[in-house]
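Trainee: The sequence and its predicted three-dimensional model are supplied below.
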Amino acid sequence: MAALAWLTPRRRSATARSVLAGEASAEAARKSSQETDVAPPPEEAEFPVHGDDRAAAFFDLDNTVMQGAALFHFGRGLYKRKFFETRDLAKFAWQQAWFRLAGVEDPEHMQDARDSALSIVKGHRVAELQSIGEEIYDEYMAERIWPGTRALAQAHLDAGQKVWLVTAAPVEIAQVIARRLGLTGALGTVAESVGGVYTGRLVGEPLHGPAKAEAVRALASAEGLDLSRCAAYSRYRPQGPASRPGKARCW
């Protein structure tokens, strides 16, 4: 366990779009968590920070909570439902393979994935994608959840803390994963919608790098959390099946 760079004072400048993306993600995360009933922790749970209501835990999603990239698996599900063509799936597959080998997110790949995802969902209803996200979780994601990381998140819940996912994946699919795992909620990239229909634009920018930091800070401020008492988890650079959550890359 280690507090990551996005829980410490800013090391990289945050643009206005990063701040906007972070604030939008925090607002979506809080709204979603307020609509979900989370079972209270068992009274017998023991943890070093048990009962500290100003502490929380933040977990990276891709290759930390789940093997692979959530956006790739979401893309597979959309392809199965004829949302896009075979050549687009091949691009998703290449980006996923690169990510698994390199262990880091390539900005160019992130940009391509963002543009592809936005063009695919433009004109579709938010409720439709949320419903499809539930199906895609069962089809492609549930079996890829790392048991050890899930147990670690549960330990924080059992200690009475809130637990949030933090990811550049669409907030809708991130919230599905968080709900299925019994977590408090999720911070993710927010796509603009008008009247419940996607416009093909983002609110700010993808929740990546400085935007992740802004999202965590905005959520902590709204929730009354003390970031110096919070925990954050990401995965060591992949070195085979034994790699585990812990001190990791800076976002």
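Mentor: Received, thanks. Numbers count the residues shown, from 1 in each chain.

Trainee: part of a helix, is Gly188?
Mentor: No: read with DSSP: H, G, I helix; E, B strand; the rest coil, Gly188 is strand and lies in no helix.

Trainee: what's it in contact with, if anything?
Mentor: Each residue near Gly188 by Cβ atoms under 8 Å, 6 or more residues apart in numbering is listed here: 25, 28-29, 165, 167-175, 207. In this view, the C-beta of every residue, glycine as well, is placed from N, C-alpha and C.

Trainee: same deal with Ala28?
Mentor: For Ala28, the contacting residues are 171, 175, 187-188, 190, by Cβ under 8 Å, 6+ apart.

Trainee: In strands, which of the contacts of Gly188 appear?
Mentor: Mapping those onto strands (DSSP state E) picks out 165, 167-170.

Trainee: So which of the residues you listed is surrounded by the most neighbours?
Mentor: Each of the ones in strands among the contacts of Gly188 was scored for neighbours by other Cβ atoms under 10 Å, and Thr167 scores highest at 31 neighbours.

Trainee: Just give the nearest non-adjacent residue to it, would you?
Mentor: Nearest non-adjacent residue to Thr167, counting by Cβ to Cβ, 6 or more residues apart in numbering: Leu61, 3.8 Å away.

Trainee: ok, the contacts of Ala28 vs Asp226, which is closest?
Mentor: Comparing the contacts of Ala28 against Asp226 with Cβ to Cβ places Leu187 closest, at 17.8 Å.

Trainee: Thr167 is in contact with that closest one, correct?
Mentor: Yes: using Cβ atoms under 8 Å, Leu187 makes contact with Thr167 at a distance of 7.1 Å.

Trainee: Now for the two: what residues contact both?
Mentor: With Cβ under 8 Å, 6+ apart, Leu187 and Thr167 have common neighbours 174, 207.

Trainee: For the contacts of Ala28, name the two members farthest from one another.
Mentor: Pairwise distances across these peak at 11.0 Å for Gln175 and Val190 (criterion: Cβ to Cβ).

Trainee: Strands of the stretch 101-250 of the chain, start to end?
Mentor: Taking DSSP state E, counting those that start in this stretch as the test, the strands found in the stretch 101-250 of the chain are 162-170, 185-189, 191-194, 197-202, 231-235, 245-246.

Trainee: any idea which of these is most buried?
Mentor: Most buried of these by mean neighbour count (mean count of other Cβ atoms under 10 Å) is strand 185-189; its value is a mean of 30.

Trainee: Partner strands of that one, with direction?
Mentor: Paired strands of strand 185-189, with direction, are strand 162-170 (parallel) (DSSP bridges).

Trainee: So for the top helix by length along the chain, what gets flagged as buried?
Mentor: Longest helix of the chain, by residue count under DSSP state H: helix 16-34. The neighbour-count check on helix 16-34 (16 or more other Cβ atoms under 10 Å) flags 17-30, 32-33 as buried.

Trainee: Of these, just say which sits nearest to Gly51.
Mentor: Nearest to Gly51 out of those is Ser33 (Cβ to Cβ; 19.7 Å).

Trainee: picking up where we left off before, His73: which of the contacts of Ala28 is nearest?
Mentor: Within the contacts of Ala28, proximity to His73 (Cβ to Cβ) peaks at Gly188, which comes in at 14.0 Å.
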